[in-house]
Structures are given as structure tokens and as C-alpha cells.
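Trainee: My questions concern the predicted model and sequence given below.
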Amino acid sequence: DTAVSQTPKYLVTQMGNDKSIKCEQNLGHDTMYWYKQDSKKFLKIMFSYNNKELIINETVPNRFSPKSPDKAHLNLHINSLELGDSAVYFCASSQWGTGTATSPLHFGNGTRLTVT
Amino acid sequence: LAKTTQPISMDSYEGQEVNITCSHNNIATNDYITWYQQFPSQGPRFIIQGYKTKVTNEVASLFIPADRKSSTLSLPRVSLSDTAVYYCLVGGPSGSARQLTFGSGTQLTVLP
């Protein structure tokens, strides 16, 4: 009954390949996110979707393409992988527009991507 | 929009109270302060959220002074299992990208 689940947990691939990471949440939230965490633990938001609509698209190379088939799923596809893409990618969800409070984020356990 | 500043690391001993402070000088009127905990190989986990004064739950307390330019996460009687990275996040209902970006957090190491 994992709240936010992402697969795979580990992904090792070579430069130039294309790969996807999948994310699903069963919390009934209407907003989902992709974060990238580098080796210094800095967590940077990449994308945010609200009810399948892209609402945040931070300065991320267009090799990264998120897709949200429904509000419970947000996948991340990465084309032409580069060494610098190596990081841990986290999916998260929250309930948007909960009055005056920022809705806490619920994170998955991450996908460690290693590009060789 | 608030940007946060935290100490990079802190050490403590089991049984002690630990206070981690986060500075957010540019906090906006409708911003809330949220703290997360991250263990190795896991995603961050929500600990506590507050707007002003003091908030307490079963895990921690959050102290916010009247000017709201800083906040302090207090962990009572820490144990080895509290060793983790702690992040503070400041943001409002609009949830902009800047508000949703975490800093590098505070690595808390609890020693026996």
C-alpha cells in the first residue's frame, strides 16, 4: 500500500540511450512532481503536473519529457542520456490548492540513475 | 519569495534535544514553513508544518518567532535513528518552482 511508488529503483545505462522512469500515487492527490537530487543533496524541482496539466517546467533540457496519462501517474522519459544526468530522481505528489497552507509533499523512494 | 539557509551539518548525542534553525528573511505573508526528514536511499518525509508561534506533534516541535524570518525545528531526546538530512521549505498556496526547491539541508548525525 505504498503511497508514492516509482520504478525502477536503480537504472544503469550508457550515454546516448533513452530511458523511462515511472511513478504512481494512490493518495488521490491531483498534483505530481519530478525532482532531481544531486550528489550534494540539493533537491531541485524539474516538473509539476496538476490534473494532467504541466504547470511547472524548470530549466530542464528538452531531452527530459514528462508524461501524465492520468492524475495518479507521472512518468519521466529521458532521451540521449548524458553523464551529467546521473542523479537520484524523486517523484512526489501533493494536494493542490488546500486553502492557505502549502500541501505537504509525499515522495517516492527515488530512482538512482547512473549513466556510464 | 523566501530562500532558506540552514547549517550544513550538526552532531548530537543520544538523548539530547536538537534544535535546527532555518533562516528565511524574505518570507511572504501567506507562506507556511514545512520541515522534511530524509534518510539515505529514501525520499524526504514530512515532519511538521507551521505558520507562526509554536506547533507540536508526536515527532517534533516547530518554533516560529513573531517576525517569521526564521524557524527552529526541535527534536526531543534524539536517538541514533534520527540521523538524517533535515530540510526546511517555505512556500504558499501558489507553490512556485522557487518555493518547491529544497536547499541542501542539514545533516544531523546522532552519536552514541
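Mentor: Alright, I've got the coordinates.
Trainee: So which elements touch the lowest-mean-pLDDT helix or strand in chain A?
Mentor: Least confident helix or strand, chain A: strand A:53-57 with a mean of 83, by mean pLDDT, DSSP states H and E. Helices and strands touching strand A:53-57, by 3 or more Cβ pairs under 8 Å, 6 or more residues apart in numbering or on different chains; DSSP states H and E, are strand A:43-50. To be clear about C-beta, it is placed using only N, CA and C from the backbone, and glycine gets the same treatment.
Trainee: and the strand it packs on with chain B, contact?
Mentor: Yes. Using Cβ under 8 Å from any Cβ of the partner chain, strand A:43-50 reaches chain B at A:L43, A:K44, A:I45, A:S48.
Trainee: for the closest residue to chain A within chain B, what are its contacts?
Mentor: Residue nearest to chain A within chain B: B:G43 (2.8 Å; Cβ to the nearest Cβ). By Cβ atoms under 8 Å, 6 or more residues apart in numbering or on different chains, the contact set of B:G43 is A:V4, A:F90, A:A92, A:F107, A:G108, A:N109, A:G110.
Trainee: if you set the cut-off to 7 Å instead, what comes out?
Mentor: Each residue near B:G43 by Cβ atoms under 7 Å, 6 or more residues apart in numbering or on different chains is listed here: A:F90, A:F107, A:G108, A:N109, A:G110.
Trainee: Pull up the residues of chain A that are close to chain B.
Mentor: Residues of chain A lying near chain B by Cβ under 7 Å from any Cβ of the partner chain: A:40-45, A:56, A:58, A:90, A:96-97, A:100-102, A:104-105, A:107-110.
Trainee: Now list the buried members of those residues.
Mentor: For the residues of chain A next to chain B, a neighbour count by 16 or more other Cβ atoms under 10 Å in any protein chain shown gives the buried set as A:41, A:43-45, A:56, A:58, A:90, A:96, A:101-102, A:104-105, A:107-110.
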